[in-house]
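1. Below are the sequence and a predicted model for it; my questions follow.
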Amino acid sequence: MATQIEKTSSRRAGTGSLHTLGVLCGVTAGVWLGAAEAPTKLVNAGFSPFAISLCMVAGVFTARWSFPTLLKGTAYVFSDLMSRKHLLVWAVLAGALWAVANTLTVFAVRDVGLAIAFPMWNTNALVGLFWGRVLFRELDGADGKTITKVVAGSLCIVAAAIMLGFSTVHVGTSPNGHNGLGGVLAAIGASLMWGTMYVPYRKAYLSGMNPLSFVTVFTVGELLTMFILTWTLDGGRHSSVFQLVRGGQFLFWLFLGGFVWVIGDMFQQFAAKYLGIGRGIPLSNTNQLWGLAWGALVFGELATADTKHKLLVVAGSAVMIVGALFISTAKASAAEHSSRNEVLERECDRYGLNYNEVLLAQSGEEFGHRSEGRRWWDYAIILAAVGVFIWLGAKAVVPPLAMNFKWIGVLGVLLLVSLFWCGYRLYKQTGFS
């Protein structure tokens, strides 16, 4: 085992630090998660937030199973899951929390707009930082400079949320006639749900589970929760989701939003694994910058705002980014890593895991002899997912929303560049582990 650890350290030295890789994953997650919320603008086309969220989750479910199958194969995924059965319930719980949070974001987008709602629900970084400190001893052993960065970053995030909240409350109602205060509360609720969702993430990776395996069960919790919410709170058989599905013209865009979100979330999961939730999540929350870009540049959300409100939105966004950067640049010291290893040992003792194997997994090093070979059903899963998107795309029409297609093209190119660059680095350094 010692030889294996030495080889791991040597390979890491040649390809770059895990901290740098985690930062890159967090930034890339921000780019993709920011774009994923753009399809929620369809709520302004007359569909309920529950219908929008359920259809997006259906797209998420489709992508969640196809990506791990493509990268690792189902034999690998199920072997990983069965070796850590205690994490299955945590993954379902995380998916349920995500489903509730995502529904709240659709209400927030409807009531106050994408450009304003996005930065507000990104206070989930503060919630994640709290849970990371209380439950997983993050920052134990950190020096004064590192702690100062984290505290200063947290204060910036809180200040930014207050600025953005006041910018919305002063407006009173949204351009669509909805209550601005309701949108603020929905965004805050999403922040609490998403911040708590990262607790199961961290437990999974401290146990050595691959993020690609975790998300396959995660999505089961998402889909079941959204179906229950839609059936009980959105009129049951009279829900607008059935109208949306029967029409089919807009379903492709919601599935595409779910697909984009999955890519962003996978990078976010790797950031949480290699940086911890107290650092990785704030960095991925730079998605608020990209959400602002989509809302303002593509949908023109700030076009009618006065100078005061524009300054509040821009200043609040800038302060939140500074806060996230403060936290994410606080690199863990040797003492912090020692505290993390003590938590890791606690998790191993609790669930009967091999400490040395799990320690290797923290560095992205595979252990054991799990097969990554593809079976015929793996190709069938991938082809089925592609077929769903082709079938929906053939029926799709451009949504009845005012959009700037030039900016869509620019932002789309940035999405692809970030995907290929970070994906290449992640593969070369860890083999998606």
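-> Alright, I've got the coordinates. Numbers count the residues shown, from 1 in each chain.
2. would you list every one of the strands in the stretch 1-150 of the chain?
-> Ranges of strands within the stretch 1-150 of the chain: none, based on DSSP state E, counting those that start in this stretch.
3. which stretches of it have low pLDDT?
-> 1-16, 40-46, 114-115 (pLDDT under 70).
4. swap the cut-off to 50 and go again
-> Along the stretch 1-150 of the chain, segments meeting pLDDT under 50 span 1-15.
5. can you pull out the helices in it?
-> 2-15, 18-36, 49-71, 74-82, 88-112, 114-121, 124-136, 144-171 (DSSP state H, counting those that start in this stretch).
6. With mean neighbour count and distance to residue 246 added, can I get these in CSV?
-> (Glycine included, C-beta is placed from N, CA and C.) Shown next, in CSV, are those (neighbours: other CB atoms under 10 Å; distance: least, CB to CB, whole Å):
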stretch, mean neighbour count, distance to residue 246
helix 2-15, 12, 50
helix 18-36, 24, 25
helix 49-71, 24, 12
helix 74-82, 18, 32
helix 88-112, 24, 20
helix 114-121, 29, 27
helix 124-136, 21, 35
helix 144-171, 19, 35
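7. So which of the ones you listed is nearest residue 232?
-> Nearest of the helices of the stretch 1-150 of the chain to residue 232, taken as CB to CB: helix 49-71 at 9.5 Å.
8. Show me what the closest one packs onto, helices and strands only.
-> helix 74-82, helix 88-112, helix 211-233, helix 240-247, helix 251-275, helix 376-395 (3 or more CB pairs under 8 Å, 6 or more residues apart in numbering; DSSP states H and E).
9. How many neighbouring residues does residue 392 have?
-> Number of residues near residue 392 (other CB atoms under 10 Å) recorded here: 20.
10. wait, it sits on residue 254?
-> No: the pair residue 392 / residue 254 is not scored as a contact, 9.1 Å apart, by CB atoms under 8 Å.
11. for the helices and strands packed on helix 49-71, which one sits closest to residue 363?
-> Proximity to residue 363 (CB to CB) singles out helix 251-275 among the helices and strands packed on helix 49-71, at 8.6 Å.
12. Can you tell me how far the closest residue to residue 239 other than its chain neighbours is from residue 58?
-> Closest residue to residue 239 apart from its sequence neighbours, by CB to CB, 6 or more residues apart in numbering: residue 230 at 5.5 Å. From residue 230 across to residue 58, the span is 11 Å (CB to CB, to the nearest Å).
13. ok, residue 140 - how many residues close by?
-> 14.
14. so who does it touch?
-> 335-336, 339 (CB atoms under 8 Å, 6 or more residues apart in numbering).
15. all helices for the stretch 301-433 of the chain, in order.
-> Using DSSP H, counting those that start in this stretch, helices in the stretch 301-433 of the chain cover 307-328, 334-351, 355-361, 376-395, 405-430.
16. okay if I get those helices as JSON lines plus mean pLDDT and distance to residue 124?
-> Shown next, in JSON lines, are the helices of the stretch 301-433 of the chain (pLDDT from 0 to 100; distance: least, CB to CB, whole Å):
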{"stretch": "helix 307-328", "mean pLDDT": "82", "distance to residue 124": "11"}
{"stretch": "helix 334-351", "mean pLDDT": "85", "distance to residue 124": "22"}
{"stretch": "helix 355-361", "mean pLDDT": "82", "distance to residue 124": "26"}
{"stretch": "helix 376-395", "mean pLDDT": "87", "distance to residue 124": "29"}
{"stretch": "helix 405-430", "mean pLDDT": "91", "distance to residue 124": "21"}
